[in-house]
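Trainee: Quick one, what's the 3D model for this:
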Amino acid sequence: MLKYISCSLLFFLLLSSCQQQNQVKVEGELKKWHRITLNFEGPDTNEMDENNPFLNYRLDVTFKNGEKEFIIPGFYAADGNAAESSGDSGNVWQVRFTPNEVGKWTYSVSFKKGDNIAVADNARNASSAGFMDGQAGTFIISESDKKGIDNRAKGRLQYVGEFYLKYAESQDYFIKLGVDAPENLLAYTDFDVSTNALGFQKTWIPHAKDFDNSALPYVWQEYKGKNLLGAINYLASEELNVFSFLTFNVDGDDRNIFPHLLKVPIEEYEAYASVKKNKEAWETMFHKTRFDVSKLDQWERIFEFAETKGMFLHFKTHETETDHLMDNGVFGTEGKLYYRELIARFGHHLSMNWNLGEENNQPIEEVLKAANYVSKLDAYHSHLVIHTFPNKDDRYAELIGDQSPLTGASLQLSHPEFNDVHPRVLKWRDKSNATGRKWALAVDEPGKANIALLPDDEDPEHNFARSRAMWGTLMAGGYGVEWYFGYASPNSDLTCQDFRSRDLFWDQNRYALHFFNSYIPFREMEPNDGLTQDNTSYCLAKLGEIYAVYTEANASKIKLNLNEWVGAFQVKWFDPRNGGQIQNGSVLSVRGGEIVDLGIPPSDIDKDWVILIIKEK
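Mentor: Predicted coordinates for the structure are as follows:
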């Protein structure tokens, strides 16, 4: 009897131990739109284990709430705290999820093993990897308590089949204005295995003074990350709402950003990559299917803080120098695993897009392979775009409509005075609209490549950037602009470490955001330049109800065609140079039924103005 009891007790203890090992640890606030991290105990392994943990294991978790279902890929997380420990080994596997509903959620776990299983088309028939495979559970989600600019107060930013993206919670439509430079924002000395090829490594010291207590929870290893967190805090203080960054630029312009593990010491890589003609680093110096867990965990600290500051994250996954490197240019194991790791780690963010390539010049069939793969894997269906050379934008003709899962374009232009911006946005707005599937369009690199947006001390007024690029985009129905700093300017696209170099211009961006978000129902309006009796002004209209007319000059000569509409219309003026409230000009109102003279602006007749014409109730 004692022997029977002892055996039973031993079995119970072993079973309890096994169950304890497989228990999930849930981190994060259990609230709508907040990041929740599920931590599982899986096989004890390391980044360089002979059985590749990134490629030969596959973690997927299915989350359900009523009819809503999300299949979210997981990732190997080493010790589960790699940002702090710089650890490269352990038995923790994680899934990050942002729920979009309150109430009871269920989750079920699939954990499979096999050669290249991570990039297989599906894992239904794969062998179980044991551990948490088959595990299930529930949790309860409550409403978010966030307010203001925090993305968690607004919900996920979604493509909804319109020209503008829309927040799921607030139901607001989104205008973005912010920075496209420096493209090597993540070439930051505080990240693990940070390199300094070509001398472009960043410290972000000028923004040390912009760090405040709101960012304290996001530093790592006591003090690291402060300067870059300060830079993001500065952008938010200027009310900018987007920044972009490359996530892979091996053999590219900068060469310091990569999520993969080096095969060689940092010094050897830097010596090779610092010679511009050397472009074989990807083939010789990297583990192509293994990732730096701690570095990626540190990237997440930056992105997580940006979320609290209302930032749109523009993930530029390739540049023209890199889009042919993985799998020798044919979308395969290396490319699939790269995107899976990015989506698993960062796809939960609420306001973002995936950009498949800056100045992409790949064969369209390879673009489609990548686009279809990302679209299928990303359960949240974040905005999906691609960026081309300015003189090769006709490539979009093979991608608009039902030809691809892309939901928009990241436009690059090239005119030194930004003359090409407005017509280019109109072009692709019209062409995508004609397919029955509207694209959300952004101008993410306006201007001539060497100068683009000059620093304040070289162009303190930024007249052409303001009038032709920023207002030119928004008045054409584009949803935003990201500013490129040029490759030959001070604080350039590669050398910038101080966003204050364009501080005067950020004020003008803020004024434009204020106008669009406060004064006009821009989502309901259409570009209609033909309504004004000149060749230089831009017009955005909801016919018969409200009109916004932007004119770079000759504001006193603007006439608006109201032939088809009767009744009285108020006339107001907005100053895009200095902001403020709308003002009265010489004409307070006009009557429809004819072409009307809008009068003289309140001041500065020779400057640019926005005229607002509103139907009186």
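
Trainee: In terms of pLDDT, where does Glu69 sit?
Mentor: As predicted, Glu69 sits at a pLDDT of 98.

Trainee: Is it bridged to anything, and to what?
Mentor: Under DSSP bridges, the beta-bridge partners of Glu69 are Lys64.

Trainee: and what of Tyr76?
Mentor: Tyr76 has the following beta-bridge partners by DSSP bridges: Trp93.

Trainee: Tyr547 now?
Mentor: Ala541, Ile613.

Trainee: Now do the contacts for it.
Mentor: Contact analysis of Tyr547 by CB atoms under 8 Å, 6 or more residues apart in numbering lists Leu531, Cys539, Leu540, Ala541, Leu560, Phe569, Ile611, Leu612, Ile613, Ile614. C-betas here are computed from N, CA, C, even on glycine.

Trainee: I'd like to know how far Ser108 sits from Asn51.
Mentor: 25 Å (CB to CB, to the nearest Å).

Trainee: quick one: which of the two has more around it?
Mentor: Ser108 (14 against 11; other CB atoms under 10 Å).

Trainee: Quick check: the more buried one touching Met132?
Mentor: No. Using CB atoms under 8 Å, Ser108 is not in contact with Met132, being 10.3 Å away.

Trainee: Now do the strands in the stretch 401-550 of the chain.
Mentor: Ranges of strands in the stretch 401-550 of the chain, per DSSP state E, counting those that start in this stretch, are 408-412, 440-445, 480-483, 526-527, 538-542, 546-551.

Trainee: OK, contacts around Gly42?
Mentor: Tyr57, Leu59, Tyr76, Asn91, Val92, Trp93, Phe111, Ala129, Phe131, Met132.

Trainee: Greatest separation within those residues: which pair is it?
Mentor: Largest separation among those by CB to CB: Val92 and Ala129, giving 14.5 Å.

Trainee: what's the pLDDT at Ser16?
Mentor: In this prediction, Ser16 carries a pLDDT score of 33.

Trainee: same check, this time on Leu9
Mentor: Looking at Leu9, the pLDDT reads 33.

Trainee: how about the strands in the stretch 1-150 of the chain?
Mentor: Counting by DSSP E, counting those that start in this stretch, the strands of the stretch 1-150 of the chain are 25-27, 36-46, 57-65, 68-73, 75-76, 89-97, 103-113, 127-128, 136-141.

Trainee: Relative to Ile546, which of those is closest?
Mentor: That would be strand 68-73 among those, by CB to CB, at 36.5 Å.

Trainee: Contacts for that closest one next, please.
Mentor: 58-64, 95-97, 100-101, 340, 343-344, 347-348, 377, 379-380.

Trainee: how about a cut-off of 6 Å?
Mentor: Residues outside strand 68-73 that contact it (CB atoms under 6 Å, 6 or more residues apart in numbering): Asp60, Val61, Thr62, Phe63, Val95, Phe97, Arg340, Ala344, Ala379.

Trainee: Likewise for stretch 54-62?
Mentor: So stretch 54-62 is contacted by 71-74, 76, 93, 95, 107-113, 116-118, 123, 129, 289-291 (CB under 6 Å, 6+ apart).

Trainee: Show me which of those residues are buried.
Mentor: Buried members of the contacts of stretch 54-62, scored by 16 or more other CB atoms under 10 Å, are 72-74, 76, 93, 95, 107, 109-113, 117-118, 123, 129, 289-291.

Trainee: neighbours around the residue nearest to Gly90 when sequence neighbours are not counted, how many?
Mentor: Excluding the flanking residues, the one nearest Gly90 by CB to CB, 6 or more residues apart in numbering is Asp79, at 3.5 Å. The number of residues packed near Asp79 is 16, by other CB under 10 Å.
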